[in-house]
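> need a structure here:
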Amino acid sequence: VQAQVESGGGSVQDGGSLTLSCEASELRSSHNCIGWFRQAPGKGREGVARIHKGTGSTAYADAVKGRFFISQEKAKNTVYLQLNSLRPEDTAMYYCAGIICGSWVSSSRFGQGTQVTVSS
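Purely as a prediction, here's the structure:
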């Protein structure tokens, strides 16, 4: 059973913006915290943003701080990731997952992801 569905990726130029969505009804029922991760070709998966569904508190990786913004729409069980001022180094497959609150440790399966490609 697919736990979450990511969407919204695409190809943009340097400096562009995208909004990613994570439809996560099952995740939100079983996890207090949800994170967005990314994996670039040849690199490991890294956490970029996380949110607590109850308090709404957020945290970001240094590489994206001030450019990416995570939010949630509880009625739609959806978590968003707004990507601004995109750079070629942001090119990666982006995933959402349940996480251990306060960490970048995933505690759920990852979905299929959504591809973000930034060209210079």
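
> Grab the most central residue of this protein for me.
residue 36 (2.5 Å; CA atoms, centre = their mean).

> Neighbouring strands - and their directions - for the helix or strand that one falls within?
Using DSSP states H and E, residue 36 sits in strand 33-39. Using DSSP bridges, strand 33-39 pairs in its sheet with strand 45-52 (antiparallel), strand 92-99 (antiparallel).

> now the residue nearest to the centre of the chain: how far from residue 119?
21 Å (CB to CB, to the nearest Å). To be clear about C-beta, it is placed using only N, CA and C from the backbone, and glycine gets the same treatment.

> Spit out the contact partners of the closest residue to residue 5 other than its chain neighbours.
Once flanking residues are discounted, residue 5 sits nearest to residue 23: 4.6 Å by CB to CB, 6 or more residues apart in numbering. Shown in contact with residue 23 (CB atoms under 8 Å, 6 or more residues apart in numbering): 4, 5, 7, 76, 77, 78.

> lowest-confidence helix or strand of this structure?
helix 25-30 (a mean of 82; mean pLDDT, DSSP states H and E).

> next one: it to chain centre, how far?
With CA atoms, centre = their mean, to the nearest Å as the basis, helix 25-30 stands 15 Å off its chain's centre.

> can you check stretch 17-26 too?
7 Å.

> same check, this time on stretch 53-71
9 Å.

> so where do the strands sit in this protein?
Assigned by DSSP state E, the strands in the chain fall at 5-7, 10-13, 18-23, 33-39, 45-52, 58-60, 68-73, 78-83, 92-99, 114-119.

> of these, which approaches residue 107 most closely?
Among the strands of the chain, strand 92-99 comes nearest to residue 107, with 5.0 Å by CB to CB.

> now the angle from the closest one to strand 78-83?
Interaxial angle, strand 92-99 versus strand 78-83 (axes from the mean of the first three to the mean of the last three CA atoms, to 10 degrees): 140 degrees.

> what's the average pLDDT for strand 92-99?
Mean per-residue pLDDT for strand 92-99: 96.

> got the CA positions of that strand in PDB?
C-alpha atoms of strand 92-99 as PDB (Å, rounded to 0.1, in the frame of the first residue of the first chain):
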ATOM      1  CA  ALA A  92      17.400  15.600  -7.100                       C
ATOM      2  CA  MET A  93      14.600  13.200  -6.500                       C
ATOM      3  CA  TYR A  94      12.500  14.600  -3.700                       C
ATOM      4  CA  TYR A  95      10.600  12.300  -1.200                       C
ATOM      5  CA  CYS A  96       8.500  12.700   1.900                       C
ATOM      6  CA  ALA A  97       8.400  10.300   4.800                       C
ATOM      7  CA  GLY A  98       7.500  10.000   8.400                       C
ATOM      8  CA  ILE A  99      10.400  10.800  10.700                       C
END
